[in-house]
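Visitor: Sequence first, predicted coordinates after that:
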Amino acid sequence: MDNREIARIFDEIADMLDILGENPFKARAYRQVAHYIYRMETDINRVYEEQGLEGIPGVGKAIRAKLQELLETGDLQYYRGLQEKVPPGVLEMLDIPGLGPKTAGAIYSQTGIDTLEKLYRAAQEKRIRELPGMGAKTEYNIKKGIEMLRAARETFNLGTALPLAREFKDFLCSFSCVEMVEVTGSVRRGKPLVGDIDILVGSRQEETVRDKIRRFRKVKEILEEKPSYVKGKMAPGMSFEVVIVDPQEFWRALVITTGSKDHLEPIRPALEDLDCRSLHSEEDVYRSLSMQFIPPELREGRGEIELARRFALPRLVAWEDIKGDLHVHTDWSDGAHSLEEMAAAAARLGYSYMAVTEHSHSLAVSRGLDAERLLAQAKAVEELNRGYDGFRILTGIEVDILRDGSLDLPDEVLEKLDVVIASVHSHFRLSRAEQTERVLKAVESPHVDIIGHLTGRLLGRRPGYEIDIDAVLESAARNRKVLEINSYPDRLDIDEETAFRAKTKGIKVAISSDAHHRADLELIRYGVVNARRGWLGREDVLNTLGTEELLAYLRNK
DNA sequence: GCCGTTTTCGGCCCGACTGTTTTCAGTCG
C-alpha cells in the first residue's frame, strides 16, 4: 500500500467522521496526517521499516496503531466499520459544491438516500426542499452540482492524465516486443482536460503486446479488443486506447493518432499517399508534406497548417527557456517548506531566481503576511542572498485584491518589493461589471507587476468568475502589466485563448508554478504547455529573462 | 485525535458568504 492509497483512506475516514458528526478536530487530525503522508517524498513502508512511525507529525498513539495495521495487513478494521455506517454514495455527495458533511449526513439519515442518482431524482421530484434547513435554492444547487459532476467525471486534467500516460508508456517500453511507443492524442497535444489516454505502439508482435497491456497494474478492465487495438479503463476511471502498428508505419500513425481532427482534415489525403518506408521521424512526415514541423500543442486547426506551409510558425517557448519562478509560497504563509528549502529546490532546477510571494494578511486561512512580517521576510531574503552564487531570491508578495479593488498592503510597502502579484481570493460572485472594475483598479495600481490567476477557474470544479477579459487585456496593455499563467493543472489560468490574445496585444505573460511545496515547482511544465498552446514564444514570457533584464523590465514598467 | 511546558486538559486557522431563517448553521477558501 503506497503513500497515496493510505492518504486516500485517511482522507475518507476524515470525511466519514465529519458526516457522522464526530468531533471536527478528530476528523482534522486524520486529514492532516493524510496530507502529510501524501506529500512525503519517501515511501512510508520504508520509513516504517527503517525508523518506525515515531517521527511523523500529527501521528499519536491511535493513528499510529491504525497506520501500523494498514501497513502490516493492507486493511483497517476501523475503516471498514465506518464504511458500514457511511455508504460510498454519501461520500460522493461531498463533491457537490456547497454541500458539505452536515448536509450529506442529514440527507442520508433522514431519507436513506445513498447514491448521487437517488439524490438527483429526489431533487427533481422536489423532495429535498421538504427537509428541515433546506429550500428550493439548495435543491437547485444540488441538481446543478450533480450535472456538473457527471460532465466532469468524463474528463481528467492533464496533471492526472499525463503522469499516468507516461507510466503506461514506460511500462510498455520495457518489453522487447515493443519497438516504439509514444503517448498520443489530446494528452500529447497538452489539452488541459482530456477524456482518455491514447498510446501508439510500433510492434510486429501484436498479440504479445496485447497481453502485456493487460498486465499493467493500473489497467482495471478491457472493454474492446481487436488484433491491433485495445480499449479499456485505468485505475482512476480513465479510459485508454492503445493502437498497435507495424514499426514502419509508426511515424505517420503518430501524426494521425495525435490529431486533432481539425488539424488532420486538410492534410489527410496527402498523409494517406505517403510512402512510409522513407520516414524516420515525425519531422520527416511533415517534411514529406512540404511543411515545417508542427509541435503537437499547435495541432488544433487554428491556422497552423497554413503557416507551416510557408515555414512561418512561431518558435514556441520551451521549458529550457524558463529562467526562474515568479510565484512561490513558503512556510511563512501556507507553503510546506522553508525559504531556504524552496530556494534550494528552485536552484536545483537550474533557475537563476525565485520570487517569494506569500499571501497577504486578509487571506487569514493561509497565515497571510502583514507589512511587518513581510518586511521581516525581505530581510531574511537579503541574508540568504548573500550566500548564493548565480542564484537570487527576489522579494515579493501575492497581495489580495480586496472587494473594492484596493490592495491589501499600502503602496509604500509594495514599492520596496521586487515582484508584486495581485490576485483575487474572495467575493467570486460579484457582478461582471463590479468584478471587472475591481480587477481593473488593481491593474492600474502603480506597484502591481503581475495579475495572478485572472479568472479563478478550477477545471472541472468551478468556472471562472464573471469578468470582462477584453477590458482587462486593454488595460494591461496600456499599463504594461503582466498576466500570470498559473501552472497548477486544475487552474491553467489564464487559459490558452487569453494567452494568445494577450500576445497579440503585446502583453507579457509570466509562467509561474504558484508552488506551495517544493515538488510543485515542477508544475511549471504544465504552464509552459499551456503557453505553447497559446502560441507564445520565448519573447512573450517574462520569466525567460535573466535576473538583471527581469529586474530592469520590472523597474521600467 | 493530537499537542504542549505559563497546558496532561482545553485548545485546535478564521472570516465572510449563502440560504435558510428570523438569528444562525453550514460551507468555503
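Guide: Great, that's in hand.
Visitor: Which of the three states applies to residue A:248?
Guide: helix (DSSP: H, G, I helix; E, B strand; the rest coil).
Visitor: Which residue, other than its chain neighbours, is closest to it?
Guide: residue A:276 (5.3 Å; CB to CB, 6 or more residues apart in numbering). Quick note: C-beta positions are derived from backbone N, CA and C, even for glycine.
Visitor: Please, which helix or strand holds the residue nearest to residue A:371 when sequence neighbours are not counted?
Guide: Once flanking residues are discounted, residue A:371 sits nearest to residue A:413: 4.7 Å by CB to CB, 6+ apart. Using DSSP states H and E, residue A:413 falls within helix A:411-414.
Visitor: hmm, who's touching the helix or strand following that helix?
Guide: Heading C-terminal from helix A:411-414, the first helix or strand you meet, by DSSP H and E, is strand A:419-423. Residues outside strand A:419-423 that contact it (CB atoms under 8 Å, 6 or more residues apart in numbering): A:326-327, A:355, A:357, A:394-401, A:407, A:414, A:442, A:445, A:447-453, A:484, A:512, A:554.
Visitor: Checking strand A:419-423 against DNA strand B, do any of its residues make contact.
Guide: No - in terms of CB under 7 Å from any atom of the strand, no part of strand A:419-423 sits within range of DNA strand B; the closest distance is 9.8 Å.
Visitor: Please apply the same query to stretch A:372-390.
Guide: No - taking CB under 7 Å from any atom of the strand as the criterion, stretch A:372-390 and DNA strand B are apart, separated by no less than 14.5 Å.
Visitor: quick one: contacts for the residue positioned nearest the centre of chain A?
Guide: The centroid of chain A falls nearest to residue A:489 when counting by CA atoms, centre = their mean (1.5 Å). Taking CB under 8 Å, 6+ apart as the contact definition, residue A:489 lies against A:157-160, A:192, A:459, A:523, A:526.
Visitor: Then residue A:146?
Guide: A:96, A:116, A:119-120, A:123.
Visitor: Taking the residues you listed, please make a ChimeraX selection of just the buried ones.
Guide: To isolate the buried members of the contacts of residue A:146 in ChimeraX, using 16 or more other CB atoms under 10 Å:
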select /A:96,116,119,120,123
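Visitor: among the contacts of residue A:146, which are in reach of DNA strand B?
Guide: Residues shared between the contacts of residue A:146 and the neighbourhood of DNA strand B are residue A:96 [CB under 7 Å from any atom of the strand].
Visitor: Identify, from the contacts of residue A:146, the entry nearest to DNA strand B.
Guide: When the contacts of residue A:146 are ranked by distance to DNA strand B (CB to the nearest atom of the strand), residue A:96 comes first, at 7.0 Å.
Visitor: And the residue lying closest to residue A:67 once chain neighbours are set aside, which helix or strand is it part of?
Guide: Closest residue to residue A:67 apart from its sequence neighbours, by CB to CB, 6+ apart: residue A:53 at 5.7 Å. Counting by DSSP H and E, there is no helix or strand that carries residue A:53.
Visitor: Correct me if wrong: residue A:53 contacts residue A:66.
Guide: No - counting by CB atoms under 8 Å, residue A:53 stays clear of residue A:66, with 10.2 Å between them.
Visitor: Please say which of these two ends up with more neighbours.
Guide: Neighbour count, other CB atoms under 10 Å: between residue A:53 and residue A:66, residue A:66 has more, with 20 against 15.
Visitor: Does the more buried one belong to a helix, a strand or coil?
Guide: When classified by three-state DSSP, residue A:66 comes out as helix.
Visitor: quick one, strands of chain A?
Guide: With DSSP state E as the criterion, chain A has strands at A:156-157, A:180-184, A:193-194, A:196-202, A:219-226, A:229-234, A:239-245, A:324-328, A:353-359, A:392-400, A:419-423, A:450-451, A:482-486, A:509-512.
Visitor: Can you add mean pLDDT, mean neighbour count and distance to residue A:264 and give those strands back as a markdown table?
Guide: Shown next, in a markdown table, are the strands of chain A (pLDDT from 0 to 100; neighbours: other CB atoms under 10 Å; distance: least, CB to CB, whole Å):
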| stretch | mean pLDDT | mean neighbour count | distance to residue A:264 |
| --- | --- | --- | --- |
| strand A:156-157 | 90 | 24 | 24 |
| strand A:180-184 | 98 | 21 | 12 |
| strand A:193-194 | 93 | 20 | 18 |
| strand A:196-202 | 97 | 24 | 14 |
| strand A:219-226 | 94 | 12 | 22 |
| strand A:229-234 | 95 | 18 | 18 |
| strand A:239-245 | 97 | 22 | 15 |
| strand A:324-328 | 97 | 29 | 36 |
| strand A:353-359 | 95 | 28 | 41 |
| strand A:392-400 | 95 | 26 | 42 |
| strand A:419-423 | 94 | 25 | 39 |
| strand A:450-451 | 96 | 25 | 37 |
| strand A:482-486 | 96 | 27 | 28 |
| strand A:509-512 | 97 | 28 | 29 |
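Visitor: Make a markdown table out of those strands and add distance to residue A:498.
Guide: Below are the strands of chain A laid out as a markdown table (distance: least, CB to CB, whole Å):
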| stretch | distance to residue A:498 |
| --- | --- |
| strand A:156-157 | 18 |
| strand A:180-184 | 26 |
| strand A:193-194 | 16 |
| strand A:196-202 | 26 |
| strand A:219-226 | 37 |
| strand A:229-234 | 32 |
| strand A:239-245 | 29 |
| strand A:324-328 | 17 |
| strand A:353-359 | 21 |
| strand A:392-400 | 19 |
| strand A:419-423 | 16 |
| strand A:450-451 | 11 |
| strand A:482-486 | 7 |
| strand A:509-512 | 9 |
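Visitor: what's the closest of the ones you listed to residue A:173?
Guide: strand A:180-184 (5.4 Å; CB to CB).
Visitor: And the closest one, what does it pack against?
Guide: Applying 3 or more CB pairs under 8 Å, 6 or more residues apart in numbering; DSSP states H and E, one finds that strand A:180-184 contacts helix A:158-173, strand A:196-202, helix A:250-258.
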